[in-house]
Structure formats: C-alpha cells, structure tokens
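Visitor: heads up, no residue letters with this:
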C-alpha cells in the first residue's frame, strides 16, 4: 500500500465525468529492477557471472517518483 496526499478536479461532461488528480506519495515503492531497454535485456545471459555482464544487465535499486498524476474518464468506484 502507498500513502499519498493531493487534490483532484472533477468535471461532468455529456460523455461522462472527467477527473484529474495530482498527489505526493509519502512512501513510494522501491524495487530491484534493470535499467536497459527491452531489446538489451533480452540479450542478457543469466548464466554469466555478474561481473561479466554489461551494466544494464545487473540488478539495481529503483523507486517510483514521489509525484503522481492520474487522469480518467468515467465514474469512480
């Protein structure tokens, strides 16, 4: 679960309600990921030792930005 504080705007249109929210995430999730492009990551060889892999094939800690923006059309539930 991620906690965030922010505000949003709602507007009713003939097609349906439109909403836009902006928030600041208090505790953004962090995870272990890779920094390469999909094509580069497909060429990574998991059988090689970590010290012989290119930089984009080695795992690195990453996190999602503190600022989040949401836009939707339709009813919320």
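Guide: Here it is on my side, so go on. Remember, it's a predicted structure, so these values are computed and weren't measured experimentally.
Visitor: so which strand or helix has residue 62?
Guide: strand 60-63 (DSSP states H and E).
Visitor: Give the next helix or strand downstream of that strand.
Guide: strand 67-73.
Visitor: which other helices and strands contact that following strand?
Guide: With contacts taken as 3 or more C-beta pairs under 8 Å, 6 or more residues apart in numbering; DSSP states H and E, strand 67-73 sits against strand 4-12, strand 17-25. C-beta here means a position set from N, CA and C on the backbone, and glycine is covered the same way.
Visitor: List the beta-bridge partners for residue 17.
Guide: residue 12 (DSSP bridges).
Visitor: buried sites along the helix or strand bottoming out on mean pLDDT in the chain?
Guide: When the helices and strands of the chain are scored by mean pLDDT, DSSP states H and E, helix 38-42 comes last with a mean of 84. Neighbour-count burial for helix 38-42, counted by 16 or more other C-beta atoms under 10 Å, picks out no residue.
Visitor: what separates stretch 9-17 from the chain centre, distance-wise?
Guide: Relative to its parent chain, stretch 9-17 has a centroid offset of 26 Å by C-alpha atoms, centre = their mean, to the nearest Å.
Visitor: which ones are touching the closest residue in space to residue 73 that isn't next to it in sequence?
Guide: Spatial nearest neighbour of residue 73, excluding adjacent residues (C-beta to C-beta, 6 or more residues apart in numbering): residue 18 at 5.4 Å. Counting by C-beta atoms under 8 Å, 6 or more residues apart in numbering, residue 18 touches 10-11, 71-73.
Visitor: Closest to residue 35 out of those residues?
Guide: Lowest distance from residue 35 to those (C-beta to C-beta) belongs to residue 71, with 27.2 Å.
Visitor: So what pairs up with the closest one in the strands?
Guide: Here residue 71, judged by DSSP bridges, has bridge partners residue 20.
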